[in-house]
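Peer 1: got a predicted model here, sequence first, then my questions.
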Amino acid sequence: MPRRLARIAAVLSPVLSVVLVAGCGGEGAAPSAADGSATGRGVPADDPCRLLDDGSVEALLGTAVAGEPRHSTVAEGARTCAYDAPAGGSLQVIRLPADLWARSLPAAVAALRQGPLAREHPELLAKVDEAAALIETGEVIGAEEACGHFSRMLEIQGLPAGRRQIVNLAPSAAAPTTVSGQQCVDGVFSSITVAGADLPAPEIVEDALSRVR
């Protein structure tokens, strides 16, 4: 089945943009068993570093991991896990409740309004705009509702109705330096981003996303 790629700049909230930068290039402390019961690589049971097994990580990076994974807590309490490849590539994984992702929906909607596709879907835009206005007043929307708005934003950008996952090549499909996948399923937002010269095929990212639901 052919995979459709689309730009997702408007879907990536400012919160998650900070997360992606921090995870792919910043310093992070290695997980320790003192944080909780260790599993897999010796990381705590609630740590995002346990979401992918070694095989999935190596498939995404195209090589074995260099050193231990790094995790951190950044904006809005989002936790990330970052892996480094010997040749300099990097992988970041994030998984958080969708209602947390939704806190930055107002900024995401504002960015989406700047694109031409928003004018083609006024009814969908009105729905996400209404939710964004509620959030700006301090209201909290549920995690499942947040995933619904995530899906609507993908539809505004040209994906089929009901789509809950997207993979994007940046800065362009012709000369990408990053491949990033996001999904919002069952009230949970997940993101996988790989940066470097040797990028995985979008299908590999989609498969990895299916493992972190």
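Peer 2: Cool, the structure landed.
Peer 1: what segments of the protein are strands?
Peer 2: For the chain, the strands defined by DSSP state E cover 38-39, 43-44, 70-73, 79-84, 90-97, 165-170, 178-185, 188-195.
Peer 1: separation between the residue positioned nearest the centre of the chain and residue 48?
Peer 2: The centroid of the chain falls nearest to residue 191 when counting by Cα atoms, centre = their mean (2.2 Å). Remark: distance between residue 191 and residue 48 (Cβ to Cβ, to the nearest Å) = 10 Å. Placement of C-beta: from N, CA and C, glycine included.
Peer 1: same deal with residue 70?
Peer 2: Per Cβ to Cβ, residue 70 is found 11 Å from residue 48.
Peer 1: quick check: neighbours shared by these two?
Peer 2: Common contact partners of residue 70 and residue 48 (Cβ atoms under 8 Å, 6 or more residues apart in numbering): residue 81.
Peer 1: thinking again about what came up before, give me the pLDDT for the residue nearest to the centre of the chain.
Peer 2: Here, the pLDDT recorded for residue 191 equals 92.
Peer 1: quick check: bridge partners of it?
Peer 2: residue 94, residue 182 (DSSP bridges).
Peer 1: so how far is residue 199 from it?
Peer 2: The value you get for residue 191 to residue 199, if Cβ to Cβ is used, is 16 Å.
Peer 1: just residue 116 next, same as before
Peer 2: Remark: distance between residue 116 and residue 199 (Cβ to Cβ) = 28 Å.
Peer 1: between those two, who's got more neighbours?
Peer 2: Between residue 116 and residue 199, residue 199 has the larger neighbour count (other Cβ atoms under 10 Å), namely 19 against 6.
Peer 1: these two touch, right, that one and residue 175?
Peer 2: No - taking contacts as Cβ atoms under 8 Å, residue 199 lies outside contact range of residue 175: 10.9 Å.
Peer 1: the bottom helix or strand of the protein by mean pLDDT?
Peer 2: Sorting the helices and strands of the chain by mean pLDDT, DSSP states H and E puts strand 38-39 at the bottom, at a mean of 34.
Peer 1: got the CA coordinates for stretch 176-190 in CSV?
Peer 2: The C-alpha coordinates for stretch 176-190 follow below in CSV (Å, rounded to 0.1, in the frame of the first residue of the first chain):
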residue,chain,number,x,y,z
PRO,A,176,16.0,15.0,3.8
THR,A,177,18.1,15.2,6.9
THR,A,178,15.3,14.1,9.3
VAL,A,179,12.5,11.6,9.2
SER,A,180,9.8,12.2,11.8
GLY,A,181,6.6,10.2,12.6
GLN,A,182,3.8,11.2,14.9
GLN,A,183,0.6,9.5,15.9
CYS,A,184,-2.3,10.0,18.3
VAL,A,185,-4.0,6.7,19.2
ASP,A,186,-6.2,5.8,22.2
GLY,A,187,-5.5,9.0,23.9
VAL,A,188,-1.7,8.8,23.6
PHE,A,189,0.6,10.9,21.5
SER,A,190,3.8,9.3,20.2
